[in-house]
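J.: here is the input, now give the coordinates:
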Amino acid sequence: MTDRIAALTVHLASDVRDDDVQGLVDAIAQFRGVLKIDPRIATTEDHMARVRVRHELRKRLFEALADD
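T.: Residues are numbered from 1 along each chain as shown. The predicted structure follows:
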């Protein structure tokens, strides 16, 4: 027996202007079974999360390079 999928989530590689992403939204809407598309506006929390991840990666990289 196979599972049933109720939703798909698409994450973009980077923030895109709302007018630039409209073509992608229109294309996804053409797929059979798509009922609704809710674009999510980027917030300061998104930016802070990216900054924290970059900081953690840099920290780990420098720790790895410092090991002799």
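
J.: pick out the residue closest to the middle of the chain.
T.: In the chain, the residue lying closest to the centroid (CA atoms, centre = their mean) is residue 11, at 2.9 Å.

J.: any weak-confidence spans in the protein?
T.: 68 (pLDDT under 70).

J.: could you point out the longest helix of it?
T.: helix 44-66 (DSSP state H).

J.: who are the packing partners of that helix?
T.: Contact partners of helix 44-66 among helices and strands, from 3 or more CB pairs under 8 Å, 6 or more residues apart in numbering; DSSP states H and E: none. From N, CA and C alone the C-beta is placed, and that goes for glycine too.

J.: quick one: contacts of that helix?
T.: With contacts defined as CB atoms under 8 Å, 6 or more residues apart in numbering, helix 44-66 is touched by residue 15.

J.: run the last query once more with 10 Å
T.: 14-15, 40, 42-43 (CB atoms under 10 Å, 6 or more residues apart in numbering).
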